[in-house]
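Participant: Return atomic coordinates for the entry below.
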Amino acid sequence: MIDLLKKTLLTGIGAVALTKEKIEEVAKEFVEKGKISEQEGKVLVEDLLVRSEESRLEFQKQVEETVESVMKKMDLAKQSEVDALRDELEEIRNSLKDTE
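Facilitator: Okay, the predicted model is just below:
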């Protein structure tokens, strides 16, 4: 029963969108209706919070990879590359000042 509830909640609500408050609210509702025990409710909340965080991190990783892929296709420089070029340019300017 617990596994079915987990799968249903993760599918229906979307693991990325689950907040701690929403998870606790749903578990409390199941406990109040007598569908699960209080202990099962606590386990359900803990498990769903872990799965929700894992899903959020995976989603974030996918978004970052997609953005990086798009930036490569657009041939845009990363901020770190721009910063490195600024530093190099500053060094060149300073060395030219020293030779004047």
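Participant: which ones are touching residue 69?
Facilitator: For residue 69, no contacting residues are found, by C-beta atoms under 8 Å, 6 or more residues apart in numbering. Just so you know, the C-beta spots here come from the backbone N, C-alpha and C atoms, and that holds for glycine as well.
Participant: Please determine how far it is located from residue 33.
Facilitator: In this view, residue 69 and residue 33 are 46 Å apart by C-beta to C-beta, to the nearest Å.
Participant: Show me which residues of the helix ranked longest in the chain are buried.
Facilitator: The helix that spans the most residues within the chain, counting by DSSP state H, is helix 38-74. Neighbour-count burial for helix 38-74 flags 40, 41, 44, 45, 47, 48, 51, 52, 55 (criterion: 16 or more other C-beta atoms under 10 Å).
Participant: Spit out the contact partners of residue 94.
Facilitator: If you count contacts by C-beta under 8 Å, 6+ apart, then residue 94 has nothing around it.
Participant: so it is in which element?
Facilitator: helix 79-99 (DSSP states H and E).
Participant: and if you look at residue 26?
Facilitator: Applying DSSP H and E as the criterion places residue 26 in helix 20-32.
Participant: contacting residues around residue 34?
Facilitator: Taking C-beta under 8 Å, 6+ apart as the contact definition, residue 34 lies against nothing.
Participant: now it, what's its secondary structure?
Facilitator: Recorded secondary structure, residue 34: coil (DSSP: H, G, I helix; E, B strand; the rest coil).
Participant: backbone phi and psi for it, please?
Facilitator: With angles defined as degrees, to the nearest 10, residue 34 sits at phi 80, psi 20.
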